[in-house]
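1. Provided below for reference: sequence and predicted model.
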Amino acid sequence: QVQLVESGGGLVQAGGSLKLSCAASGRTFSYAMGWFRQAPGKEREFVAAISQSGGSTNYADSVKGRFTISRDNARKLVYLQMNSLEPEDTAVYYCAASGWVSSVSQASTVGSWGKGTLVTVSS
């Protein structure tokens, strides 16, 4: 099972940018990867996903055009570039991996979770 560690969260003003990173450990990196988030009092929701090769991505409508997911398979890293941040983006962001689906867009398909990194966007 792959271990995931997120970093890069913090406090940013509305309109600003942050870049999250997720480092994976293990012998291989043959996983579909994704980012989810959970705001206080709300359920965990899908944010972005990327295929094993990096050739396919998909996004939640709420972040489309503002967030970009990418991966570096040689370094076993996944990134989430977040631009034009809004207070509604405030949440704990979780990295996710799955070895049996091509796109990690549903929490039920996730095999491994990171512990999360907090993003706070002030107005």
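-> Now that the structure is in, tell me what you want to look at. Numbering: from 1, shown residues only.
2. center of the protein, which residue is that?
-> Among the residues of the chain, the one closest to the centroid is residue 35, at 2.3 Å (C-alpha atoms, centre = their mean).
3. hang on, that one packs against residue 95?
-> Yes: contact between residue 35 and residue 95 holds when scored by C-beta atoms under 8 Å: they sit 6.2 Å apart. All C-beta spots, glycine's among them, are computed from the backbone N, C-alpha and C.
4. please identify every residue contacting each of the two.
-> 20, 22, 78 (C-beta atoms under 8 Å, 6 or more residues apart in numbering).
5. let's see if you can find the most crowded of these.
-> Among the shared contacts of residue 35 and residue 95, residue 78 has the most neighbours (other C-beta atoms under 10 Å), with 29 neighbours.
6. let me see the ranges of the helices in the chain.
-> Assigned by DSSP state H, the chain shows no helices.
7. residue contacts, the residue nearest to the centre of the chain?
-> Per C-beta under 8 Å, 6+ apart, neighbours of residue 35: 20, 22, 47-49, 69, 78, 80, 93-96.
8. switch to 10 Å and redo it
-> 6, 20, 22, 46-50, 59-60, 63, 67, 69, 78-80, 82, 93-96, 104, 114 (C-beta atoms under 10 Å, 6 or more residues apart in numbering).
9. swap in residue 122?
-> Residue 122 neighbours (C-beta under 10 Å, 6+ apart): 11-14, 16, 85, 87, 90.
10. most surrounded residue in those residues?
-> Using other C-beta under 10 Å as the neighbour criterion, residue 85 leads those with 22 neighbours.
11. I figured it hits residue 12, correct?
-> Yes: using C-beta atoms under 10 Å, residue 85 is in contact with residue 12, at 5.7 Å.
12. shared neighbours, the two?
-> Residues touching both residue 85 and residue 12 (C-beta under 10 Å, 6+ apart): 18, 119-122.
13. buried only: go through these for me.
-> Listed as buried from the shared contacts of residue 85 and residue 12 are 18, 119, 121; burial here means 16 or more other C-beta atoms under 10 Å.
14. got any ranges where this structure has weak pLDDT?
-> The chain contains no residues with pLDDT under 70.
15. now do the strands in it.
-> Along the chain, the stretches classed as strands by DSSP state E are 3-7, 10-13, 18-25, 32-38, 45-50, 57-59, 67-72, 77-82, 91-98, 112-113, 117-122.
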